[in-house]
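Q: Output the structure for:
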Amino acid sequence: MIDIEKKILLGVVFSLIIILSIIVKADYCMDNATISRNVTINGELNIVEKPCDYGCDLNTNSCNPAPYQQNMILLGIIIIMSVGGGLLIKWARR
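A: Okay, the predicted model is just below:
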């Protein structure tokens with residue numbers, strides 16, 4: 001019985017760690033073109049900066065994807081929905 005409770009407690013602790021690591025993000029946008037991260041190495045605080053080629057999104061604190069990537073994702077969704085709709089219509093006519 002105690003063994004099961006320990007396993008459940010460990011599962012809850014690991015789940016909380018994973019959730020907190022997703023929620024707490026160390027990256028932040030300095031301006032519309034640079035994303036920064038605070039990194040501590042041997043007790044010394046360093047700021048690592050990375051340029052964003054297509055701008056920095058201030059809401060998500062991440063670099064914006066390239067426009068062609070957004071268009072390819074949209075095109076892929078349209079193709080998948082078209083094929084799925086065609087298969088659904090073909091299945092419904094049987």
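
Q: Past the helix-or-strand element of the chain with minimal mean pLDDT, which element shows up next along the chain?
A: Taking mean pLDDT, DSSP states H and E as the measure, helix 2-23 is the helix or strand of the chain with the lowest mean score, a mean of 69. Later in the chain than helix 2-23, the nearest helix or strand by DSSP states H and E is strand 27-29.

Q: List of residues touching the next helix or strand after that next one?
A: Using DSSP H and E, the next helix or strand after strand 27-29 towards the C-terminus is strand 34-41. Defining contact as CB atoms under 8 Å, 6 or more residues apart in numbering, one finds that strand 34-41 is touched by 26-30, 45-52, 56, 61-63. In short, each C-beta sits where N, CA and C put it, glycine included.

Q: which intervals of this structure have sub-threshold pLDDT?
A: Applying pLDDT under 70 to the chain flags the ranges 1-2, 16-25.

Q: Domain-wise, how is it divided?
A: 25-63, 65-94 (automatic domain parsing).

Q: any idea which of the ones you listed is most buried?
A: domain 25-63 (a mean of 12; mean count of other CB atoms under 10 Å).

Q: mind checking which helix or strand residue 49 is in?
A: Using DSSP H and E, residue 49 maps to strand 44-51.

Q: going on from that strand, what's the next piece of helix or strand?
A: Downstream of strand 44-51 (by DSSP H and E), the next one is strand 56-57.

Q: That following strand pairs with which strands, and in what direction?
A: strand 62-63 (antiparallel) (DSSP bridges).

Q: What are the contacting residues of the partner strand?
A: By CB under 8 Å, 6+ apart, strand 62-63 touches 27, 35, 50, 52-57.

Q: Next one: residue 83 relative to residue 29, how far apart?
A: 38 Å (CB to CB, to the nearest Å).

Q: meant to ask about residue 92
A: Here residue 92 is placed at a distance of 48 Å from residue 29 (CB to CB).

Q: Repeat that for residue 41.
A: 23 Å.
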